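Engineer: requesting a structural model of the entry that follows:
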Amino acid sequence: MPHKYKKLIFLFVGIIFFLAGVKHSLAAGDYQDEGTAFYAQTNVGGYTYEGIGFYAPTMQVANSLPVYRFNKNGNGDHFYTISEDEKNDLVNTQSGYALEGVAFYAFPSQIEGMVPVYRFYSATKGDHFFTASATEKTALDNDPQWGYSDEGIAFYVYPTQVDDSSPVYRLYNSTTGFHFLTASEAEKDAISTIPVYRFYNLTTGDHFYTDSQAEAAALNGNKKHGYKSEGVVFYAFSKQISNSSPVYRFYNSSTGDHFYTASEAEKDDLINAQSGYSYEGVAFYAYAAQIDGSSPVYRLYNPTTGDHFYTISLTEKNYYILPALGPDISVGLYYINKSDIQNSPFEITANKDYKIVDKNGTPIATVSGDKTTDVTYDSNDNLQISGSISSTLANSYVTFEAADGDNSDLIFNVHKPNLPYIAGQNYDHYRGKIKVEYYHGPDIYGGNTGSTVSQIWIDNILPLEQYTWGAGEVNGTGPIEHTKVMTTIFRTYGYWYIKYANKYAPYGFQIRSDSGSQVYWGEDWETKYPNVKKAAQATQGVIVSYGGDVALTPYSSWSDGKTRSYESVWGSTDYPWCQAVDDPYGKSPTLTTSQLEADGNHMVGLIANGSLNLAQSPYNWNYQKILKYYYAGISLTAFY
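Structural biologist: Now for the predicted structure:
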């Protein structure tokens with residue numbers, strides 16, 4: 001048959017994509033990110049070495065003829081022929097096959113000691129398959145499930161090595177189903193990869209990686225080692241090829257940790273220092289830099305168990321370094337001028353007991369949830385805390401958080417009873433932590449950095465997922481797929497601010513709660529509009545990404561029938577996913593282009609009304625399809 005290990009390889013490749021569902025006894029967020037360890041292959045588009053197919057000369061000898069190799073453009077099928085007529089037909093017609101040269105030499109007729117190479121073709125796959133095995137030929141001829149038709153004898157070769165012959169290696173691409181023959185060992189090594197198996201020790205928490213089938217079989221066959229197989233996690237090389245580096249393996253007998261590095265300096269440090277690690281040799285070979293379609297293998301570290309963990313899966317990486325509800329985001333809710341708050345303090349209560357902590361992390365007091373704490377400004381950068389406790393001064397800021405350490409179910413009510421109504425500020429219930437902070441400095445928030453302001457800020461610190469539940473940019477009254485689009489964009493934008501934004505760092509928060517960043521109205525909003533939370537939960541952790549990193553996702557309400565590229569509006573080429581697309585779905589029925597622009601519609605990225613229309617009849621697109629229409633080449637990945 002064309003690939004005797006076919007089912008096994010498909011199982012291993014499937015494990016790569018299954019790993020996002022592998023959950024050890026360790027919790028989300030247990031690991032720290034240590035960066036990229038090296039680069040390896042997912043085997044998507046790569047070849048796996050199947051062994052020697054037969055033997056043939058690599059230089060012309062008596063009675064031999066060149067075997068020409070062709071590659072089907074845009075397909076990947078490799079075709080081999082000894083026939084000059086067949087070669088000329090392919091070269092001179094629009095066959096789609098490109099001549100790659102002479103692959104090796106073979107014989108047009110059988111000489112003693114030779115065997116025929118049979119040629120088969122699968123019209124379904126577009127694959128040509130060549131075999132010198134009579135057993136494989138019989139299996140293909142007699143079993144139609146393989147879908148190959150017999151095209152006869154292609155040429156004759158040697159079944160074993162003789163003078164002037166070299167091995168012809170056979171490789172298989174499990175993604176495309178194509179087979180490949182080469183007499184070049186260098187070419188074989190350059191395109192073929194070997195699986196790296198991962199094992200997990202439930203007792204020690206160690207993750208162990210090996211490319212050795214014998215080592216993997218020994219661990220699978222002997223339970224006393226305590227390791228459980230997690231399958232193939234990436235593909236590497238068994239020997240050094242161009243641009244590859246050895247990945248060194250170390251073992252720490254005290255912690256049970258196996259450690260892998262492609263860094264010569266790190267290797268030497270571990271060997272020369274009293275690190276507790278013993279050198280075990282080269283584990284496999286991989287790239288030290290990203291080339292040839294390779295992907296980063298991330299290295300994580302668990303400070304509790306001492307385990308080093310390696311994964312090529314961004315989803316898996318994010319699961320282990322991010323909490324279940326995502327990383328915390330700090331939101332600047334609003335401010336009160338110093339002069340306004342002294343006679344009208346903030347009044348804070350909660351749904352359960354809370355503690356008040358100063359800027360050094362020192363607890364000031366623990367308070368019953370139903371007790372009101374007043375916060376106002378005193379003088380000299382000090383805040384005055386009173387009401388639930390005896391009047392106490394705290395410098396710069398104080399934080400309110402759960403007394404039991406679990407902020408996930410904590411909801412604060414921040415009252416502003418004596419202040420005039422401000423749009424949006426009647427929403428005063430917020431999940432997570434509350435921080436009250438005094439700010440004196442340039443008016444960054446107001447855009448007037450030449451002016452100095454003195455303000456008391458209320459900040460909300462909570463997990464990104466709970467932040468998304470309070471997305472004030474959407475009310476969830478339309479189709480649920482549209483609400484999923486908007487909550488996914490909201491979450492993505494928040495994550496981008498966490499990673500890259502620092503404009504508001506002097507204030508002590510990362511993102512504004514108004515249209516200057518994106519509108520967030522807290523727990524009151526999720527209660528009033530429950531479909532927003534439902535849509536967020538249905539897409540939990542999903543971030544719009546491009547090239548493995550979070551993608552900035554601008555959007556407008558309407559378009560004039562066509563979106564704009566980021567470059568055409570703002571001049572930067574750093575956002576290639578923001579390309580112009582036709583947009584009859586979000587075209588304003590009444591406004592001209594100039595009117596749309598005057599209303600703030602930049603028309604870059606997603607068009608909200610286009611999303612709304614596409615999510616309902618007659619289109620009924622799901623949220624993934626809508627996002628991928630407006631943002632080119634993106635991925636939608638659950639980061640936690």
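
Engineer: report the residue ranges of every domain in the chain.
Structural biologist: Using automatic domain parsing, the domain ranges for the chain come out as 6-44+191-321, 58-164, 328-538, 542-638.

Engineer: measure the longest one end to end?
Structural biologist: Here the two ends of domain 328-538 are set 20 Å apart, with distance taken as C-alpha to C-alpha, to the nearest Å.

Engineer: how distant is it from the center of its chain?
Structural biologist: For domain 328-538, the separation from the chain centroid amounts to 30 Å (computed by C-alpha atoms, centre = their mean, to the nearest Å).

Engineer: swap in stretch 265-276?
Structural biologist: 32 Å.

Engineer: buried stuff in that stretch?
Structural biologist: 267, 270 (16 or more other C-beta atoms under 10 Å). The way it works is simple: take the backbone N, C-alpha and C, and place the C-beta from them, glycine included.

Engineer: for the record, mean pLDDT for it?
Structural biologist: In this model, stretch 265-276 has a mean pLDDT of 91.

Engineer: coming back round to it: for Tyr172, find the nearest of the domains of the chain.
Structural biologist: Among the domains of the chain, domain 6-44+191-321 comes nearest to Tyr172, with 7.3 Å by C-beta to C-beta.

Engineer: and Ala286, bridged to which residues?
Structural biologist: Ser245 (DSSP bridges).

Engineer: name the residues that touch whatever helix or strand Asp268 lives in?
Structural biologist: Element membership for Asp268 (DSSP states H and E) is helix 264-272. Residues outside helix 264-272 that contact it (C-beta atoms under 8 Å, 6 or more residues apart in numbering) are 248, 250, 259, 261, 275, 277, 279.

Engineer: most neighbours among those residues, which one?
Structural biologist: Phe259 (24 neighbours; other C-beta atoms under 10 Å).

Engineer: for the residue lying closest to that residue once chain neighbours are set aside, helix, strand, or coil?
Structural biologist: Excluding its sequence neighbours, the residue lying closest to Phe259 (C-beta to C-beta, 6 or more residues apart in numbering) is Phe250, at 4.4 Å. Assigned with DSSP: H, G, I helix; E, B strand; the rest coil, Phe250 falls in the strand class.

Engineer: show me what contacts Phe250?
Structural biologist: For Phe250, the contact set (C-beta under 8 Å, 6+ apart) comprises 258-261, 270, 277-280.

Engineer: what's the answer for Tyr555, then?
Structural biologist: 489, 604-608, 630.

Engineer: how far away is it from Ala608?
Structural biologist: Tyr555 is 6 Å from Ala608, where distance means C-beta to C-beta, to the nearest Å.

Engineer: Gln518 too?
Structural biologist: From Gln518 to Ala608 the distance is 12 Å (C-beta to C-beta).

Engineer: hey, what's in contact with both of these two?
Structural biologist: In contact with both Gln518 and Ala608: no residue, using C-beta under 8 Å, 6+ apart.

Engineer: take the contacts of Phe250 and keep only those in helices.
Structural biologist: Leu270 (DSSP state H).

Engineer: out of the contacts of Phe250, who's nearest Ser572?
Structural biologist: Of all the contacts of Phe250, Ser572 sits closest to Thr261, with 36.4 Å by C-beta to C-beta.

Engineer: does the closest one touch Tyr248 like I think?
Structural biologist: Yes: using C-beta atoms under 8 Å, Thr261 is in contact with Tyr248, at 5.6 Å.

Engineer: just to revisit the earlier point, buried ones among the contacts of Tyr555?
Structural biologist: By 16+ other C-beta under 10 Å, the contacts of Tyr555 give 489, 604-608, 630 as buried.

Engineer: dump those into a markdown table; add pLDDT and secondary structure as well.
Structural biologist: Below are these laid out as a markdown table (pLDDT from 0 to 100; DSSP: H, G, I helix; E, B strand; the rest coil):
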| residue | pLDDT | secondary structure |
| --- | --- | --- |
| Ile489 | 98 | helix |
| Val604 | 98 | strand |
| Gly605 | 97 | coil |
| Leu606 | 98 | strand |
| Ile607 | 98 | strand |
| Ala608 | 97 | helix |
| Tyr630 | 98 | helix |
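
Engineer: sorry, back to before: between the contacts of Tyr555, which sits nearest Lys125?
Structural biologist: Out of these, the member with the shortest distance to Lys125 (by C-beta to C-beta) is Tyr630, at 34.0 Å.

Engineer: how about the residue nearest to the closest one when sequence neighbours are not counted, what does it touch?
Structural biologist: Nearest non-adjacent residue to Tyr630, counting by C-beta to C-beta, 6+ apart: Leu606, 4.1 Å away. By C-beta under 8 Å, 6+ apart, the residues touching Leu606 are 485, 489, 553-556, 626-627, 630-631.

Engineer: re earlier: export the contacts of Phe250 to CSV and tack on distance to Phe130?
Structural biologist: Formatted as CSV, the contacts of Phe250 follow (distance: C-beta to C-beta, whole Å):
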residue, distance to Phe130
His258, 41
Phe259, 43
Tyr260, 38
Thr261, 41
Leu270, 47
Tyr277, 47
Ser278, 47
Tyr279, 44
Glu280, 40
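
Engineer: distance between the helix or strand that contains Val544 and the chain's centre?
Structural biologist: Counting by DSSP H and E, the element that carries Val544 is strand 542-546. Distance of strand 542-546 from the chain centroid (C-alpha atoms, centre = their mean) equals 8 Å.

Engineer: quick one: average pLDDT of that strand?
Structural biologist: On average, strand 542-546 scores 96.

Engineer: wait, doesn't Gly76 sit right on Gly177?
Structural biologist: No: between Gly76 and Gly177 there is no contact under C-beta under 8 Å: 9.3 Å.

Engineer: and the two? Which one has more around it.
Structural biologist: Gly177 (19 against 16).

Engineer: now do the contacts for the more buried one.
Structural biologist: Contacts of Gly177 (C-beta under 8 Å, 6+ apart): 122, 125, 127.

Engineer: and the gap between it and Asp77?
Structural biologist: 9 Å.

Engineer: is Gly478 part of a helix or strand, or is it coil?
Structural biologist: Strictly by three-state DSSP, Gly478 counts as coil.

Engineer: for it, give its distance to Glu280.
Structural biologist: 58 Å.

Engineer: between Gly177 and Asp77, what contacts are shared?
Structural biologist: Asp127.

Engineer: circling back to that earlier point, which single one of the contacts of Gly177 is nearest to Ser391?
Structural biologist: For these, the nearest to Ser391 is Lys125 (79.4 Å; C-beta to C-beta).

Engineer: for the closest one, pull up the helix or strand it's in.
Structural biologist: Using DSSP H and E, Lys125 falls within no helix or strand.

Engineer: quick one: contacts for it?
Structural biologist: The neighbours of Lys125, taking C-beta under 8 Å, 6+ apart as the test, are 147, 176-178.

Engineer: which residue in those residues has the weakest pLDDT?
Structural biologist: Out of the contacts of Lys125, that is Thr176, at 79.

Engineer: where does the protein have low pLDDT?
Structural biologist: 1-28, 43-46, 74-75, 292, 417-425 (pLDDT under 70).

Engineer: give me the most central residue, it.
Structural biologist: The geometric centre of the chain, computed from its C-alpha atoms, lies nearest to Leu314 (C-alpha atoms, centre = their mean), at 3.5 Å.

Engineer: with that, I have no additional questions.
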